[in-house]
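Trainee: this one's structure only:
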Ligand code: FES
């Protein structure tokens, strides 16, 4: 085997390894996309103390790789995914207008996560919240991408 043949085989081998990796990533992404949000295994995660979140106030947090928005809605604390259900941009809380806004395609959601305007096909994804004493916990899914961010 001459050097040229060796380099060709090495290149083909490297491309095969990269292709296999890309294919495996694609399978995982498709699986995560098709798996219903509510059916994923979730982990109880502390977010904050309830007295730090006044009525009508929201708090953003990143829990296990999931960006969430915690909102004190009429003294009931609720948690939504900050990922827009349209194409995945980050949603923000507009305290003055008491709505969630997505700047990408000008969508708005009410404080229950229901679509008010814009192209999103469904309401915002919501997480289960548990209040224990003064502590606020949110049940968030294990995030595949977060596990890679070490
Ligand atoms: S990504 Fe949010 S409205 Fe399009």
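Mentor: Noted; the coordinates are in hand. For clarity, every value in this text was computed on a predicted model and none was experimentally measured.

Trainee: any idea how far the lengthiest helix in the chain is from the middle of the chain?
Mentor: As assigned by DSSP state H, the longest helix anywhere in the chain is helix 3-34. Centre-to-centre, helix 3-34 and its host chain are 27 Å apart (CA atoms, centre = their mean, to the nearest Å).

Trainee: ok, now stretch 107-117?
Mentor: Centroid separation between stretch 107-117 and its chain, computed with CA atoms, centre = their mean, is 17 Å.

Trainee: and the helix or strand that the longest helix of the chain is followed by, what's buried?
Mentor: Per DSSP states H and E, helix 3-34 leads on to strand 42-49 as the next helix or strand towards the C-terminus. Buried residues in strand 42-49, counted by 16 or more other CB atoms under 10 Å: 42, 45, 47-48. Placement of C-beta: from N, CA and C, glycine included.

Trainee: again with stretch 105-121
Mentor: 107-109, 111, 113, 115, 120.

Trainee: please apply the same query to stretch 51-69.
Mentor: For stretch 51-69, by 16+ other CB under 10 Å, it's 53, 58-59, 61, 63, 66-69.

Trainee: and the residues you listed as TSV, adding distance to the ligand?
Mentor: TSV is the format used below for these (distance: CB to the nearest ligand atom, whole Å):
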residue	distance to the ligand
53	25
58	17
59	21
61	20
63	21
66	17
67	13
68	16
69	14
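
Trainee: the residue nearest the centre of the chain and residue 6, how far apart?
Mentor: A centroid search over the chain (CA atoms, centre = their mean) returns residue 66, at 4.1 Å, as the residue closest to the centre. According to CB to CB, to the nearest Å, residue 66 and residue 6 sit 47 Å apart.

Trainee: show me this protein divided up by domain.
Mentor: Listed by automatic domain parsing, the domain ranges of the chain are 1-34, 38-148.

Trainee: helix or strand for the nearest residue to residue 74 once chain neighbours are set aside, which one?
Mentor: Closest residue in space to residue 74, ignoring its immediate chain neighbours: residue 55 at 7.0 Å, by CB to CB, 6 or more residues apart in numbering. For residue 55, there is no helix or strand it lies in under DSSP H and E.
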